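Student: Make a model of this:
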Amino acid sequence: MYGKFVVETVDVPAQVVITEKRHTLADELPAWIGASLGRLEEAARACGGVAGAPFVVYHAEVSQESDGPAEACVPVADETAARAWAEQRGRTWETEVRVEPAQRLASTRITKAQVAHPQILAAFEAVEAWVAEQGLEYAGPCREVYFADWDAAGPQDPVCDVAFPVRGTAAR
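Tutor: Residues are numbered from 1 along each chain as shown. Model (predicted):
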């Protein structure tokens with residue numbers, strides 16, 4: 001446990017994702033995440049359907065002073081259909097199709113109430129402290145994985161994993 005957070009690792013298989021990237025400040029982030037994931041989930045219907053939990057990757061810090069960028073990602077079932085969709089309609093929202101590699105994530109699960117900024121920062125800090133203590137290396141940018149129905153969830157319901165791709169072997 002790191003404070004009130006339990007940190008664990010999980011192996012995630014490679015997955016094809018459709019993405020939308022944007023420079024945004026922390027105040028604008030909740031509206032953009034909801035809108036972009038909504039657009040991408042709708043687009044996923046033309047790409048074989050949603051094939052995993054949507055997530056947001058932070059390629060650089062998003063705060064009141066720093067605008068990232070952030071990248072909304074939705075795993076899809078059909079890479080060929082996704083690439084055809086992107087060629088046809090992808091420029092509308094500056095979307096891309098890419099393969100997210102198989103990876104190990106160090107993560108902690110948080111509630112809907114904990115997702116709000118700045119509360120969510122404690123979860124990121126807990127995972128960072130655990131990664132350092134375990135002697136692991138970062139293998140990519142941090143992310144938020146949204147596995148629950150946001151609209152149906154109450155404030156105390158788990159909705160999101162705060163995660164970092166890592167490599168190495170965790171100390172036991």
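Student: tell me which helix or strand of this protein sits lowest on mean pLDDT?
Tutor: helix 79-89 (a mean of 87; mean pLDDT, DSSP states H and E).
Student: who touches the next helix or strand after it?
Tutor: Stepping forward along the backbone from helix 79-89, the first helix or strand reached (DSSP states H and E) is strand 95-100. If you take CB atoms under 8 Å, 6 or more residues apart in numbering as the criterion, strand 95-100 is touched by 12, 14-21, 40, 43, 73, 75, 79, 82-83, 85-86, 89-90. Just so you know, the C-beta spots here come from the backbone N, C-alpha and C atoms, and that holds for glycine as well.
Student: quick one on the thing from earlier: now the least confident helix or strand of the chain: buried residues?
Tutor: By neighbour count, and taking 16 or more other CB atoms under 10 Å as the criterion, the buried residues in helix 79-89 are Glu79, Ala81, Ala82, Arg83, Trp85, Ala86.
Student: re the thing from before, now the contacts of strand 95-100: which count as buried?
Tutor: Buried members of those, scored by 16+ other CB under 10 Å, are 12, 15-21, 40, 43, 73, 75, 79, 82-83, 85-86, 90.
Student: Could you look up the SS state of Ser36?
Tutor: Of the three states, Ser36 takes helix under DSSP: H, G, I helix; E, B strand; the rest coil.
Student: residues near it, how many?
Tutor: Residues contacting Ser36 under the criterion other CB atoms under 10 Å number 24.
Student: Nearest residue to Glu8 in space, please, no chain neighbours.
Tutor: Sequence neighbours aside, Ser107 is the residue nearest to Glu8 in space, at 6.5 Å (criterion: CB to CB, 6 or more residues apart in numbering).
Student: Check what pLDDT the closest residue to Ala81 other than its chain neighbours gets.
Tutor: Counting by CB to CB, 6+ apart, Ala81 lies nearest to Cys47, which is 4.7 Å off, once chain neighbours are set aside. In this prediction, Cys47 carries a pLDDT score of 94.
Student: wait, Cys47 sits on Pro75?
Tutor: No - in terms of CB atoms under 8 Å, Cys47 does not count as a neighbour of Pro75; the distance is 9.6 Å.
Student: which stretches of this protein form strands?
Tutor: Assigned by DSSP state E, the chain shows strands spanning 7-12, 15-22, 55-58, 70-76, 95-100, 103-111, 137-138, 143-146, 158-167.
Student: in this structure, what spans have low per-residue confidence?
Tutor: Across the chain, residues meeting the criterion (pLDDT under 70) sit at 1-2, 90-93, 170-172.
Student: No further queries at this time; thank you.
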